[in-house]
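> fold the following for me, if possible:
(one chain, ligands or ions: 1)
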Amino acid sequence: MGPIVLEAINLDCVRGKRRLFHSLSFELEAGASLFVRGQNGSGKTSLLRILAGLTPPSAGTVRWKGNSLQKQTDEWRRDLCYYGHLLGLKDDLTAAENLVYATALANKPISHAAVLEALHQSGLQGREHLPVRTLSQGQKRRASLARLLLHRRPLWILDEPLTALDDEATQWVLRMISDHLRDGGIVVWTSHLDMPLSGATRTLRINL
Ligand SMILES: Nc1ncnc2c1ncn2[C@@H]1O[C@H](COP(=O)(O)OP(=O)(O)OP(=O)(O)O)[C@@H](O)[C@H]1O
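Next up, the predicted model:
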């Protein structure tokens with residue numbers, strides 16, 4: 001496997017009768033982030049899903065560490081943390097149980113202490129053992145985003161991670177992203193807010 005690099009090569013995306021983007025190419029190396037902006041319906045989620053290997057592009061290729069995604073499903077799953085509109089939480093489990101479950105599913109059992117520390121950092125101390133259905137929207141998002149601290153995967157693809165977050169949680173997520181980039185990770189993300197990222201070595205912006 002080659003060095004950590006995500007490449008998009010001549011990506012086309014057609015949805016229904018609309019072409020959302022055409023011949024989109026970029027390369028992100030360790031420490032780089034891509035911030036995707038665009039109006040509602042412009043194709044941000046479509047692009048992120050293509051980059052995450054969840055939807056095939058209409059044309060073009062995505063490569064991770066030099067190989068196309070189709071050729072490396074196991075390594076790809078170990079390296080990617082995708083955060084989409086569905087938060088991936090089980091409502092009847094507590095926030096702590098959800099994180100234990102998520103990390104166990106990812107074949108990476110983690111200590112209870114690490115789970116509690118991640119929830120503490122997310123600002124959910126005192127609410128770790130409540131069923132997720134009793135949490136507010138922003139608290140649910142905090143619980144879901146705490147996974148990023150536990151999975152420790154190099155590539156983060158985050159679709160609107162700041163939605164429903166207050167200022168404190170927004171700063172927490174921006175810090176996590178900056179720390180991740182400083183540690184040599186790669187982040188592709190979207191937001192309706194235009195957020196500066198202090199830790200990024202390079203930030204590409206695509207306006208779809
Ligand atoms: N499976 C699909 N079949 C047909 N059209 C689709 C499909 N998925 C998305 N679209 C259309 O593609 C366009 C782009 O959708 P997408 O979700 O990528 O936009 P977005 O930029 O993420 O929007 P938002 O800011 O509202 O989240 C929309 O017009 C949507 O209706």
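
> okay, the residue nearest to H192 when sequence neighbours are not counted and the ligand: tell me how far apart.
Excluding its sequence neighbours, the residue lying closest to H192 (CB to CB, 6 or more residues apart in numbering) is E160, at 7.3 Å. Quick note: C-beta positions are derived from backbone N, CA and C, even for glycine. Distance of E160 to the ligand, given as CB to the nearest ligand atom, to the nearest Å: 7 Å.

> just give me the neighbour total for E160.
E160 has 19 neighbours, counted by other CB atoms under 10 Å.

> now do the contacts for it.
H85, T190, S191, H192 (CB atoms under 8 Å, 6 or more residues apart in numbering).

> which one among those residues gets closest to K140?
H85 (12.3 Å; CB to CB).

> can you name the element that comes right after the longest helix along the chain?
The helix that spans the most residues within the chain, counting by DSSP state H, is helix 167-182. Where DSSP states H and E defines the elements, the next helix or strand beyond helix 167-182 is strand 186-190.

> hmm, the next helix or strand after that next one touching the ligand?
Remark: after strand 186-190, the chain's next helix or strand is strand 202-207, criterion DSSP H and E. No - on the criterion CB under 6 Å from any ligand atom, strand 202-207 is out of touch with the ligand, staying 11.0 Å away.

> now strand 202-207 against helix 167-182, angle please.
Per axes from the mean of the first three to the mean of the last three CA atoms, to 10 degrees, the angle that strand 202-207 makes with helix 167-182 is 120 degrees.

> neighbouring contacts of strand 202-207?
24, 26, 28, 31-38, 47, 197.

> that older thread, tabulate the contacts of E160 in a markdown table, adding columns for pLDDT, distance to L69 and neighbour count.
A markdown table is the format used below for the contacts of E160 (pLDDT from 0 to 100; distance: CB to CB, whole Å; neighbours: other CB atoms under 10 Å):
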| residue | pLDDT | distance to L69 | neighbour count |
| --- | --- | --- | --- |
| H85 | 84 | 21 | 8 |
| T190 | 90 | 20 | 22 |
| S191 | 85 | 24 | 19 |
| H192 | 77 | 28 | 13 |
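
> re earlier: now do the longest helix of the chain: which elements does it pack against?
strand 32-37, helix 137-145, helix 147-151, strand 155-158, strand 186-190 (3 or more CB pairs under 8 Å, 6 or more residues apart in numbering; DSSP states H and E).

> mind doing that once more with 10 Å?
Secondary-structure packing of helix 167-182 (3 or more CB pairs under 10 Å, 6 or more residues apart in numbering; DSSP states H and E): strand 32-37, helix 112-121, helix 137-145, helix 147-151, strand 155-158, strand 186-190.

> let me know the secondary structure of F21.
strand (DSSP: H, G, I helix; E, B strand; the rest coil).

> contacting residues around it?
Counting by CB atoms under 10 Å, 6 or more residues apart in numbering, F21 touches 11-14, 38, 42-43, 46-47, 50, 57-58, 60, 206, 208.

> surely M176 and H151 touch.
No - counting by CB atoms under 10 Å, M176 does not reach H151; the two are 11.7 Å apart.

> ok, back up a step: pull out the buried residues from the contacts of strand 202-207.
L24, L28, G31, A32, S33, L34, F35, V36, G38, L47, L197 (16 or more other CB atoms under 10 Å).
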